[in-house]
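Chemist: sequence below, structure please.
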Amino acid sequence: MNDLLEMPVRAAKPRATRAAPRKKILLVDDDPAVRQILLRLLSDEGYFVVTAANATEALRFSGLMMFDLVLMDVGPVAETGWEMFQRLRLKNPRLAFIMITERSSRYFDAMAAGGGVFLEKPLDFTKLFFTLHNLLDGPAEIRLTRHLHVPLMAR
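Modeler: The predicted structure is shown next:
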(Lines give C-alpha, C1' and ligand atoms only; values in the text may rest on other atoms or scores of the structure.)
Protein backbone atom coordinates (compact mmCIF):
# COMPACT_ATOMS: atom_id res chain seq x y z
CA MET A 1 0.00 0.00 0.00
CA ASN A 2 1.18 3.49 -0.75
CA ASP A 3 2.25 5.61 2.22
CA LEU A 4 0.38 8.86 1.70
CA LEU A 5 2.99 9.97 -0.76
CA GLU A 6 6.09 8.43 -2.27
CA MET A 7 8.76 11.09 -2.00
CA PRO A 8 10.55 11.93 -5.23
CA VAL A 9 14.23 11.15 -5.52
CA ARG A 10 16.30 14.30 -5.96
CA ALA A 11 17.97 14.64 -9.30
CA ALA A 12 21.62 15.68 -9.27
CA LYS A 13 20.75 18.84 -11.21
CA PRO A 14 17.01 19.66 -11.36
CA ARG A 15 15.82 21.16 -14.62
CA ALA A 16 13.13 23.34 -13.06
CA THR A 17 14.23 26.86 -12.23
CA ARG A 18 13.54 28.49 -8.90
CA ALA A 19 11.62 31.30 -10.59
CA ALA A 20 9.08 28.94 -12.15
CA PRO A 21 6.90 26.83 -9.84
CA ARG A 22 7.15 23.12 -10.42
CA LYS A 23 4.20 21.58 -12.21
CA LYS A 24 2.31 19.09 -10.04
CA ILE A 25 1.42 15.67 -11.42
CA LEU A 26 -0.89 13.13 -9.81
CA LEU A 27 0.26 9.67 -10.90
CA VAL A 28 -2.33 6.89 -10.47
CA ASP A 29 -1.27 3.29 -11.06
CA ASP A 30 -1.84 0.13 -9.03
CA ASP A 31 1.61 -1.30 -9.84
CA PRO A 32 4.22 -0.08 -7.30
CA ALA A 33 7.11 -0.75 -9.70
CA VAL A 34 5.51 1.36 -12.44
CA ARG A 35 4.80 4.14 -9.92
CA GLN A 36 8.43 4.13 -8.79
CA ILE A 37 9.84 4.21 -12.34
CA LEU A 38 7.53 7.02 -13.46
CA LEU A 39 8.07 8.89 -10.18
CA ARG A 40 11.82 8.89 -10.73
CA LEU A 41 11.60 9.85 -14.42
CA LEU A 42 9.08 12.64 -13.84
CA SER A 43 10.98 13.96 -10.81
CA ASP A 44 14.19 14.00 -12.83
CA GLU A 45 12.35 16.16 -15.38
CA GLY A 46 11.59 18.69 -12.63
CA TYR A 47 7.96 17.81 -11.91
CA PHE A 48 6.52 17.47 -8.40
CA VAL A 49 4.84 14.06 -8.35
CA VAL A 50 2.31 12.61 -5.93
CA THR A 51 1.56 8.93 -6.42
CA ALA A 52 -1.66 7.07 -5.72
CA ALA A 53 -2.29 3.34 -5.94
CA ASN A 54 -6.01 3.71 -6.61
CA ALA A 55 -8.85 6.15 -7.24
CA THR A 56 -9.65 6.52 -3.54
CA GLU A 57 -6.12 7.72 -2.78
CA ALA A 58 -6.11 9.95 -5.85
CA LEU A 59 -9.33 11.67 -4.79
CA ARG A 60 -7.98 12.15 -1.26
CA PHE A 61 -4.80 13.79 -2.60
CA SER A 62 -6.81 15.99 -4.97
CA GLY A 63 -8.58 17.37 -1.91
CA LEU A 64 -5.23 18.38 -0.42
CA MET A 65 -3.69 20.19 -3.41
CA MET A 66 -4.37 21.34 -6.94
CA PHE A 67 -2.64 19.38 -9.69
CA ASP A 68 -1.69 20.49 -13.18
CA LEU A 69 -1.99 17.03 -14.72
CA VAL A 70 -3.23 13.53 -13.89
CA LEU A 71 -1.36 10.59 -15.38
CA MET A 72 -3.45 7.48 -14.86
CA ASP A 73 -3.49 3.86 -15.90
CA VAL A 74 -7.12 3.19 -16.80
CA GLY A 75 -6.76 -0.59 -16.84
CA PRO A 76 -6.69 -1.46 -13.15
CA VAL A 77 -8.79 1.49 -12.00
CA ALA A 78 -11.30 1.34 -14.85
CA GLU A 79 -14.58 1.47 -12.92
CA THR A 80 -13.49 3.76 -10.11
CA GLY A 81 -11.11 5.56 -12.46
CA TRP A 82 -13.93 6.96 -14.57
CA GLU A 83 -15.68 8.24 -11.45
CA MET A 84 -12.38 9.76 -10.29
CA PHE A 85 -11.88 11.35 -13.72
CA GLN A 86 -15.36 12.92 -13.65
CA ARG A 87 -14.97 14.23 -10.09
CA LEU A 88 -11.55 15.73 -10.81
CA ARG A 89 -12.77 17.27 -14.08
CA LEU A 90 -15.74 18.90 -12.26
CA LYS A 91 -13.41 20.28 -9.60
CA ASN A 92 -10.88 21.62 -12.11
CA PRO A 93 -11.99 21.80 -15.79
CA ARG A 94 -8.47 22.92 -16.80
CA LEU A 95 -6.86 19.80 -15.36
CA ALA A 96 -4.99 17.91 -18.07
CA PHE A 97 -5.27 14.12 -18.24
CA ILE A 98 -3.07 11.48 -19.81
CA MET A 99 -4.65 8.04 -19.74
CA ILE A 100 -2.56 4.93 -20.25
CA THR A 101 -3.84 1.45 -21.04
CA GLU A 102 -2.80 -1.78 -22.66
CA ARG A 103 -6.27 -2.24 -24.16
CA SER A 104 -6.92 -0.03 -27.16
CA SER A 105 -10.66 -0.65 -26.73
CA ARG A 106 -10.57 1.91 -23.88
CA TYR A 107 -9.62 4.67 -26.32
CA PHE A 108 -13.17 5.48 -27.39
CA ASP A 109 -14.44 5.44 -23.79
CA ALA A 110 -11.71 7.91 -22.83
CA MET A 111 -12.32 10.22 -25.79
CA ALA A 112 -16.09 10.19 -25.29
CA ALA A 113 -15.56 11.23 -21.66
CA GLY A 114 -13.27 14.09 -22.69
CA GLY A 115 -10.25 12.17 -21.49
CA GLY A 116 -7.58 14.33 -23.01
CA VAL A 117 -4.60 12.31 -24.23
CA PHE A 118 -4.56 8.54 -24.54
CA LEU A 119 -1.34 6.49 -24.66
CA GLU A 120 -1.02 2.73 -25.11
CA LYS A 121 1.30 0.29 -23.40
CA PRO A 122 4.08 -0.48 -23.73
CA LEU A 123 4.65 3.15 -22.87
CA ASP A 124 6.88 5.13 -25.21
CA PHE A 125 8.70 7.48 -22.80
CA THR A 126 9.75 9.88 -25.56
CA LYS A 127 6.10 10.27 -26.56
CA LEU A 128 5.06 10.59 -22.90
CA PHE A 129 7.49 13.44 -22.22
CA PHE A 130 6.65 15.17 -25.49
CA THR A 131 2.97 14.99 -24.51
CA LEU A 132 3.66 16.21 -20.97
CA HIS A 133 5.59 19.21 -22.21
CA ASN A 134 2.86 20.05 -24.73
CA LEU A 135 0.17 19.89 -22.05
CA LEU A 136 2.07 21.67 -19.27
CA ASP A 137 4.35 24.22 -20.92
CA GLY A 138 3.37 27.51 -22.49
CA PRO A 139 0.59 30.00 -21.76
CA ALA A 140 -2.43 28.68 -19.84
CA GLU A 141 -4.84 29.79 -22.59
CA ILE A 142 -2.97 27.77 -25.22
CA ARG A 143 -2.76 24.72 -22.94
CA LEU A 144 -6.49 24.85 -22.18
CA THR A 145 -7.35 25.23 -25.87
CA ARG A 146 -5.11 22.32 -26.82
CA HIS A 147 -6.50 20.16 -24.02
CA LEU A 148 -10.15 20.89 -24.75
CA HIS A 149 -9.64 20.66 -28.52
CA VAL A 150 -11.31 24.03 -29.03
CA PRO A 151 -9.66 26.57 -31.36
CA LEU A 152 -8.78 30.03 -30.03
CA MET A 153 -11.15 32.76 -31.17
CA ALA A 154 -9.69 35.38 -33.48
CA ARG A 155 -9.04 38.60 -31.60
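Chemist: for the one helix or strand residue 86 maps to, packing partners?
Modeler: Element membership for residue 86, per DSSP states H and E: helix 78-91. If you count contacts as 3 or more C-beta pairs under 8 Å, 6 or more residues apart in numbering; DSSP states H and E, helix 78-91 packs onto helix 55-62, strand 69-73, strand 96-101. The way it works is simple: take the backbone N, C-alpha and C, and place the C-beta from them, glycine included.
Chemist: any idea which of these has the lowest pLDDT on average?
Modeler: Of all these, the minimum mean pLDDT falls on strand 96-101 (a mean of 86).
Chemist: partners of it, with directions?
Modeler: When pairs are called by DSSP bridges, strand 96-101 turns out to pair with strand 69-73 (parallel), strand 117-120 (parallel).
Chemist: tell me the angle that strand makes with helix 78-91.
Modeler: 170 degrees (axes from the mean of the first three to the mean of the last three C-alpha atoms, to 10 degrees).
Chemist: break the chain down into its domains, please.
Modeler: Following automatic domain parsing, the chain resolves into domains at 37-64, 93-99+111-120+133-155.
Chemist: first-to-last residue distance for the shortest one?
Modeler: With C-alpha to C-alpha, to the nearest Å as the measure, the ends of domain 37-64 fall 24 Å from one another.
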